[in-house]
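Colleague: Any chance you can model this:
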Amino acid sequence: MARIDEVVVLADDATGLQTGTVCEPSLGASSTALLVTGNWFASVSRDDGRTWELLDPFRVFPSDPSLFCCDQLADYLVPERRWVWLLQYQPVRGENILRLAVSDRGDPSGWHWWDIAPADLDPAWGGLWFDYPDLALSDKHLYLSVNLFDIRGIWRRAVVIRWPRRELRRSAPLRRMHWSTTETGSLRFAQGSTDTMWFASNDARTSQLLLFAWPDDDERVQSWRLPVAGWNPTSYDSAGPAGERWLERCDDRITGGWAAGDRLGFAWTSGILPGRPHPFVRCVVLDEQGLGLVAEPDLWSVNGAWAYPATAPNRRGRVGMSVMFAGPTHPAHAVATLAEDQSTWQSALSGVSTDPPRGGVWGDYLTCRPHVRRPTAWRAMGYLLDGGSDRRNVEPRVVTFTA
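Modeller: Numbering: from 1, shown residues only. Model prediction:
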């Protein structure tokens, strides 16, 4: 059973009211400090969430060559005691940059950073722009996945970049490798990957999971198409107590992935199916060695919709989830744990919004991380609306929970 141990709410002074209902909160956590990011804020706590300081992503770093835009990701590299902060910048003449910032201080502070543009990876990609990034760590590398779009907003390809972890301590240019595909996009990593980074996308037309593996000691990426039970990539109809909508921008991109023991798993949001009257979380668990299907423990309810799952194993190998729920209530944040037999999820609500989101939009992703000090616990990022439907009523929250 999922048990919530602590909920830390970021007040207005922590976010500077730079919040949005498409919040996309992310989290890096050491034993004593927290770095939280979202649309369009960043905050640091040096006392495990008791007090907070706003790190304005529009001002912390130079604006050249363009202004900060939106998507951010944060993480903490435990062995190196190193913070990682990724920021997405606005396109200029159809091309933008991602900024990878690193801090070796406990605060975190004293950042050094590297900028990367699509044309830095391939001159033929000039005029394209990055969007929808994901970050993950393997034993030896930091991995980034991201989509590339043209100036008309048409998707062109997905790319995965990796950097050696040991080189992040220096401000010198980083060695990197990249791999790309025009077959599928919105690649999501399996958090907890070790000597091989696993990542995936999906294809609703063929009811397949598109699985990829990039070993740390190999330059080649392997791929498989694996059949799974079908899902609905449309029909995200979900309404709150008075008929207010909240999933108007939801889709079936994978938003959760994990590697734990000899199991791999991925999770995404499906639309309504016969017998499942609300959108729900579609889950697939695989055997890592043979890639056989082990279980499909979907999270669903006859009472309301589940959406936007984010997953990670704790240090004991149990899988936890940060996820949203609504229907009988306005959008509520929840956490969940996967049973050891991989069959079911046990959930608990961390809080419920007082109001629905203006425009009916939420998302696009949440975050779940293993707890640094407590082997059986996780830290989850979610958010709610408190006191109104405006973006300034958004309250991000850090939730500590155990199985």
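Colleague: How many neighbouring residues does Ala29 have?
Modeller: Neighbour count for Ala29, taken as other CB atoms under 10 Å: 27. (C-beta placed from N, C-alpha, C; glycine too.)
Colleague: for Arg392, same thing?
Modeller: Arg392: 13 neighbours (other CB under 10 Å).
Colleague: Go ahead and confirm it touches Leu17.
Modeller: Yes: the pair Arg392 and Leu17 qualifies as a contact (CB atoms under 8 Å) at a distance of 4.8 Å.
Colleague: which element is the residue lying closest to Asp5 once chain neighbours are set aside on?
Modeller: Nearest residue to Asp5, sequence neighbours excluded (CB to CB, 6 or more residues apart in numbering): Thr400, at 4.7 Å. Thr400 belongs to strand 394-402 when assigned by DSSP states H and E.
Colleague: Gly382 belongs to a strand?
Modeller: Yes: Gly382: assigned to a strand according to DSSP: H, G, I helix; E, B strand; the rest coil.
Colleague: Give me the distance between it and Ala42.
Modeller: To Ala42, Gly382 is 17 Å away according to CB to CB, to the nearest Å.
Colleague: Next: Thr51.
Modeller: Distance from Thr51 to Ala42, by CB to CB: 15 Å.
Colleague: helices and strands around whichever strand or helix holds Arg369, which ones?
Modeller: Under the criterion of DSSP H and E, Arg369 resides in strand 367-370. Other helices and strands packing on strand 367-370, by 3 or more CB pairs under 8 Å, 6 or more residues apart in numbering; DSSP states H and E, are strand 26-29, strand 305-313, strand 319-326, strand 377-385.
Colleague: what's next to the following helix or strand past the shortest one, contact-wise?
Modeller: The one in question is strand 26-29. Using DSSP H and E, the helix or strand that follows strand 26-29 in sequence is strand 34-38. Applying CB atoms under 8 Å, 6 or more residues apart in numbering, the external contacts of strand 34-38 come out as 10, 14-15, 19-20, 23-29, 42-45, 48-49, 55, 57, 72-74, 76, 83, 85, 108, 381, 383, 396, 398.
Colleague: Direction included, what does the helix or strand just after strand 34-38 pair up with?
Modeller: The element immediately downstream of strand 34-38 (helix or strand, assigned by DSSP H and E) is strand 41-45. Strands that pair with strand 41-45, judged by DSSP bridges, come out as strand 34-38 (antiparallel), strand 53-54 (antiparallel).
Colleague: Quickly compare the ones you listed and say which is most buried.
Modeller: strand 34-38 (a mean of 26; mean count of other CB atoms under 10 Å).
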